[in-house]
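Trainee: my questions concern the predicted model and sequence given below.
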Amino acid sequence: MLESLWSALKASELRTKLLYTLGMIFIFRLGAHIPVPGVNPERFAELVNSGVIFGFFDVISGGALRNFTVFAMSITPYINASIIMQLLTVVVPHLERLSKEGDEGRKKITQYTRYLTVVLAFIQGLGMVVGVGGSLQNPGPAAYLMTAVTITAGTTFLMWTGEQITERGIGNGISLLIFAGIVSRVPAGIVRIFEYVNAGTINILNVVVLIIIGALVIAGVVAVQEGQRRIPVQYAKRVVGRRVYGGQTTHLPLRVNQAGVIPVIFASSLLMFPESVARWFSNSAAAMFYVKWFGWGTAAHTIFYALLIIGFTYFYTAVIMNPSDMADNIKKYGGFIPGLRPGRPTAEYISRVMNKITFAGAVFLALIAILPNFVLLATRIPNIYFGGTALLIVVGVAMDTMKQVESHLLMRSYQGFIK
């Protein structure tokens, strides 16, 4: 990896892309320290400290949520809008037609996603401001509207920044912004652990156990991210004019974790809403009942969280991977899976294989998501926000970015047969 990075720095085109990406990430980190005018962030910091699920979104935002800055919502509304648009593409015929029209259709879907991002960001921002209305210096409709518009503009700017990184930089811009937010919280987490050790809250053995668990999680994430089930595909020979095409054997790669971290983020977003409402009305009987029996850390919350992740993993995988289309494409180009007839039998076989490997990936995601509960029990270190989900995002984004760097280097250094 270091060799690839050094080669990238020597290549002028890649060096420009890397510097542009780093510059955009610097702007993102700079904006994460610009507070929203007229707001006292202490009240919201108490809300973040009240539950690990809020701490997780604070980690994604790089501390902007805790300090209630202009990037308090980070890029979460854009992620939710993208997921909703992908789900609507299957349900709404117009969007389904657009998705099959090539680049022009995808551009229109991207434009709809931007509009939906702004709407979701404003609704989420308004709810956030109303929930912490006591922290406003001059509470009122005008103050609510101004604050909601401010953090909505911050999210819109981050959406634009991510798209610019994807177009002019290296890697996926949205993923890199989340990556930068998570990594920026690591030094603060290390300092907090040292403070716990100096205060006698924990001992060195707890820290060693945390490091071992982190190493095992990273190894597991790499294994699952790279894990594939390769289905052999044989292409028959066909003669076109005087040329003979086909006749080779290849494979159809099916990833174990096809959905990535999207089911975890979507499930977290759904569970965050009732818990945030309960925290805002903490003195009511209904809120106290919810926090006691369904709040973060309870058995009901953990089970429901895991089931939601497993369900969303299956649903999202079914949305982005269609066995019937895959079987039709194989048949169209004269291919077949050995021992199976083209068409429906091939689609049913691919569907059975996908269900099996998706179950393994879904269970893995669920275990990673509820890992902070077990880390807290094993290490006794409070406020562990940098859990399995954060490691899953960091490792996945780092691997994807380095693969893009290596592919650029391969294209640059390839000389071909004729020099």
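Mentor: Yes, it's here.
Trainee: now tell me what touches stretch 391-409 from outside.
Mentor: By CB atoms under 8 Å, 6 or more residues apart in numbering, the surrounding residues in contact with stretch 391-409 are 1, 4-5, 7-8, 11, 13-14, 17, 60, 170-172, 175-176, 178-179, 182-183, 214, 217-218, 221-222, 225-226, 260-261, 264, 365, 368. In short, each C-beta sits where N, CA and C put it, glycine included.
Trainee: report the buried residues of that stretch.
Mentor: Along stretch 391-409, these residues count as buried under the neighbour rule (16 or more other CB atoms under 10 Å): 391-398, 400-402, 405-406, 408-409.
Trainee: now, those residues that are in helices?
Mentor: The members of those that map onto helices under DSSP state H are 391-398, 400-402, 405-406, 408-409.
Trainee: tell me the one among those residues nearest to L377.
Mentor: L377 has its nearest neighbour among these in L391, at 18.1 Å by CB to CB.
Trainee: contacting residues around the residue nearest to S74 when sequence neighbours are not counted?
Mentor: With sequence-adjacent residues excluded and distances taken as CB to CB, 6 or more residues apart in numbering, S74 is closest to S61, at 3.6 Å. Each residue near S61 by CB under 8 Å, 6+ apart is listed here: 32, 71-74, 76, 181.
Trainee: again with T155
Mentor: Taking CB under 8 Å, 6+ apart, one finds 71, 73-78, 117, 121, 125 in contact with T155.
Trainee: that's a helix at T201, yeah?
Mentor: No. Residue assignment for T201, taken from DSSP: H, G, I helix; E, B strand; the rest coil, gives coil, which places it outside any helix.
Trainee: still on that earlier bit, in helices, which of the contacts of T155 fall?
Mentor: Residues of the contacts of T155 located in helices (DSSP H): 76-78, 117, 121, 125.
Trainee: for those, work out which two are farthest apart.
Mentor: Set against one another by CB to CB, these have their most distant pair in Y78 and G125, with a gap of 13.2 Å.
Trainee: surely M326 touches A347?
Mentor: Yes. With contacts counted by CB atoms under 8 Å, M326 reaches A347, the gap being 7.3 Å.
Trainee: distance of the residue nearest to S74 relative to M321?
Mentor: Note on S61: its distance to M321, by CB to CB, to the nearest Å, is 31 Å.
Trainee: now swap in D103 and tell me
Mentor: The spacing between D103 and M321, counted by CB to CB, is 21 Å.
Trainee: M146 now?
Mentor: Distance of M146 to M321, given as CB to CB: 44 Å.
Trainee: and the helix or strand encompassing L88, which residues are buried?
Mentor: Assigned by DSSP states H and E, L88 belongs to helix 76-91. By neighbour count, and taking 16+ other CB under 10 Å as the criterion, the buried residues in helix 76-91 are 76-83, 85-86, 88-89.
Trainee: give me the distance between that helix and the centre of its chain.
Mentor: Average the C-alpha atoms of helix 76-91, do the same for its chain, and the two points are 13 Å apart (CA atoms, centre = their mean, to the nearest Å).
Trainee: hey, C-alpha coordinates of it in CSV?
Mentor: What follows is helix 76-91, C-alpha atoms only, in CSV (Å, rounded to 0.1, in the frame of the first residue of the first chain):
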residue,chain,number,x,y,z
THR,A,76,-26.4,11.7,6.7
PRO,A,77,-29.4,13.2,4.9
TYR,A,78,-27.7,12.5,1.5
ILE,A,79,-27.1,8.9,2.5
ASN,A,80,-30.8,8.5,3.5
ALA,A,81,-31.9,10.2,0.3
SER,A,82,-29.7,7.9,-1.8
ILE,A,83,-31.1,4.9,-0.1
ILE,A,84,-34.7,6.1,-0.5
MET,A,85,-34.1,6.8,-4.2
GLN,A,86,-32.7,3.4,-4.8
LEU,A,87,-35.7,1.8,-3.1
LEU,A,88,-38.1,4.0,-5.1
THR,A,89,-36.4,3.0,-8.3
VAL,A,90,-37.8,-0.5,-7.9
VAL,A,91,-41.3,0.7,-7.0
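Trainee: what's the following helix or strand after that helix?
Mentor: helix 93-99.
Trainee: about what we covered before: now flag whichever of the buried residues of stretch 391-409 is closest to V36.
Mentor: Of all the buried residues of stretch 391-409, V36 sits closest to I393, with 25.7 Å by CB to CB.
Trainee: ok, the closest one to V183 distance?
Mentor: 10 Å.
Trainee: same check, this time on E348
Mentor: E348 sits 44 Å away from V183, taking CB to CB as the criterion.
Trainee: for these two, indicate the residue with more neighbours.
Mentor: Just comparing E348 and V183: by other CB atoms under 10 Å the higher neighbour count belongs to V183, 18 against 14.
Trainee: so that one sits in a strand?
Mentor: No. Following the definition three-state DSSP, V183 is helix and is not counted among the residues of a strand.
Trainee: can you tell me the closest non-neighbouring residue to it?
Mentor: In space, V183 comes closest to V394 once its chain neighbours are excluded; the distance is 6.6 Å by CB to CB, 6+ apart.
Trainee: in terms of pLDDT, where does the one you found sit?
Mentor: Reading off the per-residue confidence, V394 sits at a pLDDT of 84.
Trainee: then S50?
Mentor: 56.
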